[in-house]
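In: Sequence isn't available, so here's the structure alone:
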């Protein structure tokens, strides 16, 4: 959550694209991958990351993740294949 100038509604999805910077960081302070990577990680485990307006001004990032009890365990690896002699 921040109290900066915020982001217009029509630009909110665009800030999650790789190499996008909305102009809030000094030149040379990053390449614009942080939000894209964060959203990718969230989606990879079944979650979401989106931006909302902060009441009173600014922007809030909302991260939603599935409960551990709702996650499916990883599949078991296949049994090793043994050669017959």
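Out: That came in fine, so what should we check first? Only a predicted model underlies this, so the values are computations on that prediction, with no experimental measurement involved.
In: who's in contact with the stretch of helix or strand residue 39 belongs to?
Out: According to DSSP states H and E, residue 39 maps onto helix 34-44. Contact partners of helix 34-44, identified using CB atoms under 8 Å, 6 or more residues apart in numbering, comprise 15, 16, 17, 18, 19, 20, 48, 49, 61, 63, 64, 65. In this view, the C-beta of every residue, glycine as well, is placed from N, C-alpha and C.
In: Just the buried positions in it, please.
Out: Neighbour-count burial for helix 34-44, counted by 16 or more other CB atoms under 10 Å, picks out 35, 36, 39, 42.
In: Isn't residue 4 up against residue 59?
Out: Yes: with contact defined as CB atoms under 8 Å, residue 4 counts as touching residue 59 (6.6 Å).
In: any low-confidence regions in this protein?
Out: For the chain, the stretches flagged by pLDDT under 70 are 22-29, 71-85.
In: OK, contacts around residue 58?
Out: 1, 2, 3, 4, 5, 6.
In: Any figure for the gap between residue 34 and residue 65?
Out: 18 Å (CB to CB, to the nearest Å).
In: Please apply the same query to residue 58.
Out: Counting by CB to CB, the gap from residue 58 to residue 65 is 23 Å.
In: cool, and residue 39?
Out: 12 Å.
In: With the flanking residues excluded, which residue is spatially nearest to residue 51?
Out: residue 12 (4.6 Å; CB to CB, 6 or more residues apart in numbering).
In: ok, now how distant is the one you found from residue 18?
Out: Taking CB to CB, one finds residue 12 at 16 Å from residue 18.
In: And the two? Which one has more around it.
Out: Taking other CB atoms under 10 Å, residue 12 and residue 18 do not tie; residue 12 has more neighbours (16 against 12).
In: So the more buried one sits against residue 60, correct?
Out: No: at 11.1 Å, residue 12 does not count as touching residue 60 under the criterion of CB under 8 Å.
In: what is in contact with those two at once?
Out: residue 51.
In: So residue 61 sits against residue 53, correct?
Out: No: using CB under 8 Å, residue 61 is not in contact with residue 53; the gap is 11.5 Å.
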